[in-house]
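Undergrad: For reference, the sequence and a predicted model appear below.
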Amino acid sequence: MEKKKQTEGTVFISEADQYLFAQGTHYDIYKKLGAHPSVENGRKGTFFGVWAPNAASVHVIGTFNGWNEEAAPMTKLGAGGIWTVFLPGVGTGELYKFLITAPSGEKLYKADPFANSAEMRPGTASKTVDISGYKWTDDLWLREREERDYYKEPLAIYECHIGSWMRHPRSEEQGFYNYREFADRIVEYLKEMKYTHVELMGIAEYPFDGSWGYQVTGYYAPTARYGDPQDFMYLVNKLHRNKIGVILDWVPAHFATDAHGLGRFDGQCIFEDPDPRKGEHPDWGTKIFNYGKNEVKNFLIANALFWIKEFHIDGIRVDAVASMLYLDYGKKDGQWVPNKYGGNKNLEAIEFFKHLNSVVRGTYPGFMTIAEESTAWPGVTHSIEEDGLGFSFKWNMGWMHDFCEYMKLDPYFRKDNHYAMTFAMSYNESEHYILPLSHDEVVHLKCSMVEKMPGYKVDKYANLRLGYTYMLGHSGKKLLFMGQEFGQEREWSEARELDWFLLENDLNKGMHDYVKELLQIYRKYPCLYENDNSWAGFEWLNCDDKDRSVYSFFRKSENGKNELLFILNMTPMKWENYVVGVPKKKKYKLLLNSDDTRFAGNGNVIPKELAAEAKPCNNKKYSITFDLPPYTAAIFLF
């Protein structure tokens with residue numbers, strides 16, 4: 001093979017690049033494959049590279065050559081199956097595809113798997129772009145991120161879908177805010193509400209709006225719906241400048257079957273397993289990545305690093321982890337193949353997660369990897385040395401399910417399901433958890449959070465204030481999907497903006513103010529976050545009062561100061577002279593009353609201060625007594 005001498009501005013793929021990619025360890029491969037500005041022999045142009053090991057030939061077609069199928073043939077470099085070509089004069093903003101001819105003669109018109117930009121849907125072409133040169137000003141944030149211990153810090157995440165958060169007024173069909181406009185609006189909102197992070201859905205390019213970004217075709221391209229890559233950089237940079245972290249939904253479990261995507265990329269199944277029992281999700285109509293193939297693992301791990309290095313992302317929430325860990329996930333007998341030991345564990349996916357987390361978290365210790373894992377798989381957040389998967393956090397899907405099922409109940413039946421709300425603490429120490437109330441809970445006839453609640457309208461809002469208070473007090477970091485913070489009443493749809501007009505109503509404004517105050521309390525008191533996966537941070541005072549459906553507990557601080565007592569009445573009954581055992585003989589100051597009129601509550605009064613008496617209760621030497629109003633949560637500081 002002819003060796004090229006590296007010169008400034010020149011992109012080429014060396015034998016070392018090919019070797020590392022074949023080994024699955026070329027973590028900068030995205031700088032070589034794809035389309036990149038380059039210079040050869042003093043001429044500026046674009047260097048194209050693509051992996052298509054089974055192709056008989058590959059051509060680059062695009063606006064720069066009139067989509068002429070013969071104009072730009074690529075050269076195969078070696079046995080690894082990488083094809084390249086340098087096209088002088090091709091600049092940025094050009095649309096292109098790879099025309100791949102399979103050995104059978106079949107012609108496939110494919111978008112670039114490593115493209116950094118794409119044509120606006122319904123177009124399916126890739127677009128040449130230069131993602132270098134953005135002037136980042138978030139150095140302080142990045143330095144501080146590496147020093148943080150996020151287990152000891154508050155983590156309040158706002159899950160957000162850009163296209164339906166807010167839209168241009170008086171706009172026709174589309175009306176999306178672009179990344180820059182969205183940045184200017186969301187930053188002030190997140191600061192006002194006291195969120196620490198935003199989790200963005202649907203950033204990697206995808207063809208169908210209704211998939212919400214979970215069926216991806218362009219893993220290396222921020223979706224064109226909201227602008228170009230540098231616009232997305234602006235969004236991240238602005239969030240960082242305002243001390244707000246950015247988490248992306250990341251989808252390594254499966255990919256879209258659209259003809260221009262990764263499926264049967266060169267006429268053969270190179271990204272997916274050719275056996276449909278391994279390579280297809282029958283329920284989702286998608287293809288499953290082949291985690292046993294080095295190049296595929298490299299594609300995905302390099303992709304996570306790409307978002308970190310090129311876009312300064314602070315974390316990824318890995319979608320559908322359970323579907324990757326179990327070979328029989330969502331499949332019937334005959335639709336899956338056991339592993340070599342005869343079991344249903346996907347050994348290759350397990351190894352992929354360990355590889356991913358060792359590389360990503362080992363290189364960027366301040367970066368978070370979050371698993372959306374819906375089963376009791378052990379050790380999701382345990383270290384790889386302990387045979388864990390190595391994630392930073394796991395979504396507590398069990399808590400989410402139990403919480404929603406309990407809160408939906410008519411209060412008469414809550415006493416029979418009392419322990420659904422206490423169960424999550426029994427396994428809380430097993431993982432580092434995030435408590436999610438996500439988009440999954442407010443779509444597909446599931447109702448919005450407020451409409452899940454029982455009773456008349458005013459009762460629904462009182463119940464939701466109660467529920468959110470329980471979420472705040474419970475061990476675990478917090479995540480809430482957009483709109484639920486002000487009592488969005490319709491289910492979420494990606495096709496319209498949130499119902500911001502509801503804020504003109506007292507109940508919705510009260511809910512909005514209440515969530516804001518909860519988050520202010522969360523940020524202010526370390527007892528709520530510094531010991532989230534240990535009994536050192538949480539203690540039940542009474543988890544057995546099922547006949548009155550009351551829960552009482554307190555959150556403990558490491559220094560024993562500024563601790564918080566939570567008492568929650570989950571019924572419409574007033575409990576007079578309610579007695580709660582307390583840990584210390586001191587005064588308990590009311591910090592928050594969910595029934596306060598400023599939150600559109602009924603205005604039932606709880607004393608501003610209660611002195612503990614030497615009357616034993618709940619295995620404590622002291623107690624406080626007060627009238628506990630209906631559907632009310634009270635937080636006391638002591």
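TA: Received the coordinates, thanks.
Undergrad: Confirm that E295 lies within a helix, as I assumed.
TA: Yes. Judged by DSSP: H, G, I helix; E, B strand; the rest coil, E295 forms part of a helix.
Undergrad: hang on, isn't it packed against F21?
TA: Yes. Counting by Cβ atoms under 8 Å, E295 does reach F21; the two are 6.1 Å apart. All C-beta atoms are positioned from the backbone trio N, CA, C, and that covers glycine.
Undergrad: where do the contact lists of those two overlap?
TA: W51 (Cβ atoms under 8 Å, 6 or more residues apart in numbering).
Undergrad: So which of the two has more stuff around it?
TA: Between E295 and F21, counting by other Cβ atoms under 10 Å, F21 is the more crowded of the two (23 against 20).
Undergrad: so how far is whichever helix or strand the more buried one is part of off the chain centroid?
TA: Element membership for F21 (DSSP states H and E) is helix 15-23. Put simply, helix 15-23 sits 32 Å off its chain's centre (Cα atoms, centre = their mean, to the nearest Å).
Undergrad: now swap in stretch 367-378 and tell me
TA: For stretch 367-378, the distance to the chain centre is 11 Å (Cα atoms, centre = their mean).
Undergrad: Same check on stretch 450-468?
TA: Between the centre of stretch 450-468 and the centre of its chain there are 26 Å (Cα atoms, centre = their mean).
Undergrad: which regions of the stretch 151-300 of the chain lie under the pLDDT threshold?
TA: Across the stretch 151-300 of the chain, the ranges flagged by pLDDT under 70 are 170-174.
Undergrad: contacting residues around E69?
TA: Residues counted as contacts of E69 (Cβ under 8 Å, 6+ apart) are 59, 61, 99.
Undergrad: From these, which land in helices?
TA: Among the contacts of E69, DSSP state H puts none in helices.
Undergrad: which one of these is nearest P37?
TA: Of all these, P37 sits closest to I61, with 19.2 Å by Cβ to Cβ.
Undergrad: what's the neighbour count on the closest residue to E153 other than its chain neighbours?
TA: Closest residue in space to E153, ignoring its immediate chain neighbours: Y529 at 6.4 Å, by Cβ to Cβ, 6 or more residues apart in numbering. Y529: 23 surrounding residues under other Cβ under 10 Å.
Undergrad: pretty sure Y529 is touching L519, no?
TA: No. In this structure, Y529 is not within contact of L519 by Cβ under 8 Å, at 11.6 Å.
Undergrad: Now the element after the lowest-mean-pLDDT helix or strand in the chain, going C-ward?
TA: Sorted by mean pLDDT, DSSP states H and E, the helices and strands of the chain end with strand 280-281, the least confident at a mean of 93. Sequence order places strand 286-288 as the next helix or strand after strand 280-281, per DSSP H and E.
Undergrad: elements contacting that next one?
TA: Judged by 3 or more Cβ pairs under 8 Å, 6 or more residues apart in numbering; DSSP states H and E, the packing partners of strand 286-288 are strand 254-255, helix 276-279, strand 280-281.
Undergrad: Which stretch among those is buried most, on average?
TA: Stretch with highest mean neighbour count among the helices and strands packed on strand 286-288: strand 254-255 (a mean of 23; mean count of other Cβ atoms under 10 Å).
Undergrad: which residues touch that one?
TA: 215-217, 261-263, 271-272, 281, 284, 286-289, 320, 323.
Undergrad: Which helix or strand contains the residue nearest to A22 when sequence neighbours are not counted?
TA: Spatial nearest neighbour of A22, chain neighbours left out: G80 (4.9 Å); criterion: Cβ to Cβ, 6+ apart. Using DSSP H and E, G80 falls within no helix or strand.
Undergrad: who's in contact with G80?
TA: For G80, the contacting residues are 18-19, 21-22, 51, 53, by Cβ under 8 Å, 6+ apart.
Undergrad: just curious, which of the residues you listed is nearest to A536?
TA: Closest to A536, out of all of those and judged by Cβ to Cβ, is F21, at 46.5 Å.
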